[in-house]
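A.B. asks: sequence first, predicted coordinates after that:
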Amino acid sequence: MKRVSILIIFVTCFVPLTFGQLNTSSRNAIPKESAVDLCGVLTSVLAKNFCGFNFDLKYFPIKRIGTGLYFTYAKKKINNTFTYTIGKPIIGCYEIGWINQYNFLQTEKVRVAVDLNNGVSIARLGDDAIKEKRRARFGYTYISKEVATNYYYLLEPGADFSFRLFSFNHSPDIWVTTKTKYRFLFGSSQYGATKQFSGYLFGIGISLIGYTTETEHSSK
């Protein structure tokens, strides 16, 4: 696992540094792609399975290499109070960061990629028996009372497999995507141990992949 992680880190960090400047003003310039992923996820935290969702927004400056934003959220009600006085303990986990991706296999119907997320991981311990009122965009919402929160630096190598379901001349096409990742965390904890929040993440969902600019073919 360590050797695989090192290889993925090398590929996703070093390869983007080799980007060359493209002449986008040319009529024959290669069109750029963007991708949006929305997946349900299952991840291991405190030796328990947490369910949630993942959202990626990626841009591909050149073929096979993408970069963009990464967000994941998962939560679960637990029994452990970590010596705090909590009526109904619940943990919400957030991952927010920057993703670099390399598609080492890319055909019209299949894509296989390795990627690396750099960012912040937040594990919020709350008491679901006590609700706090918070202002939202369209009024107010109620969330569990915050008891303690862990903040970590996140380094998360992974691999994606995508299969095209429907083609719409790449404007965009619809793909089914599966993800597998391993979360490495660095930092101290207010509750629990840091290594208890590291673990695998699996996801499956839909990707929208298409060109960001109009191509000569599509404009006819």
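C.D. replies: Thanks, I have the structure now. Keep in mind that what you see is a predicted model, and the values were worked out from it rather than measured.
A.B. asks: only C-alpha atoms for contact and neighbour calcs from this point on.
C.D. replies: OK.
A.B. asks: now the residue most central in space within the chain: closest residue in space that isn't a chain neighbour?
C.D. replies: The chain has Tyr70 as the residue nearest its centroid, 4.0 Å off, counting by C-alpha atoms, centre = their mean. Counting by C-alpha to C-alpha, 6 or more residues apart in numbering, Asp56 is the residue found nearest to Tyr70 once chain neighbours are left out, at 4.7 Å.
A.B. asks: which of the helices or strands spans the one you found?
C.D. replies: Following DSSP states H and E, one finds Asp56 within strand 48-62.
A.B. asks: and the pLDDT at Phe82?
C.D. replies: pLDDT recorded at Phe82 is 96.
A.B. asks: what ranges does the chain have for its strands?
C.D. replies: 33-45, 48-62, 65-77, 89-106, 110-136, 139-166, 173-186, 199-211 (DSSP state E).
A.B. asks: could I get these as TSV with mean pLDDT and distance to Gly192?
C.D. replies: Below are those laid out as TSV (pLDDT from 0 to 100; distance: least, C-alpha to C-alpha, whole Å):
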stretch	mean pLDDT	distance to Gly192
strand 33-45	97	11
strand 48-62	96	14
strand 65-77	97	15
strand 89-106	97	12
strand 110-136	94	10
strand 139-166	94	9
strand 173-186	97	13
strand 199-211	96	14
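A.B. asks: make TSV out of those strands and add distance to Thr83.
C.D. replies: Putting the strands of the chain into TSV (distance: least, C-alpha to C-alpha, whole Å) gives the following:
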stretch	distance to Thr83
strand 33-45	18
strand 48-62	19
strand 65-77	16
strand 89-106	11
strand 110-136	12
strand 139-166	11
strand 173-186	23
strand 199-211	24
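A.B. asks: ok, back up a step: hmm, who's touching the strand holding Asp56?
C.D. replies: With C-alpha atoms under 8 Å, 6 or more residues apart in numbering as the test, strand 48-62 has contacts from 19, 32-44, 66-76, 99, 203.
A.B. asks: buried among these? Make that a ChimeraX selection.
C.D. replies: Buried members of these, defined by 16 or more other C-alpha atoms under 10 Å, are picked up in ChimeraX with:
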select :32,33,34,35,36,37,38,39,40,41,42,43,44,66,67,68,69,70,71,72,73,74,75,99,203
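A.B. asks: if we can go back for a sec, quick one: the residue nearest to the centre of the chain and Gln101 touch, right?
C.D. replies: No. Judged on C-alpha atoms under 8 Å, Tyr70 makes no contact with Gln101 at a distance of 11.2 Å.
A.B. asks: related to what we said a few turns ago, measure the residue nearest to the centre of the chain to Leu46 for me?
C.D. replies: According to C-alpha to C-alpha, to the nearest Å, Tyr70 and Leu46 sit 22 Å apart.
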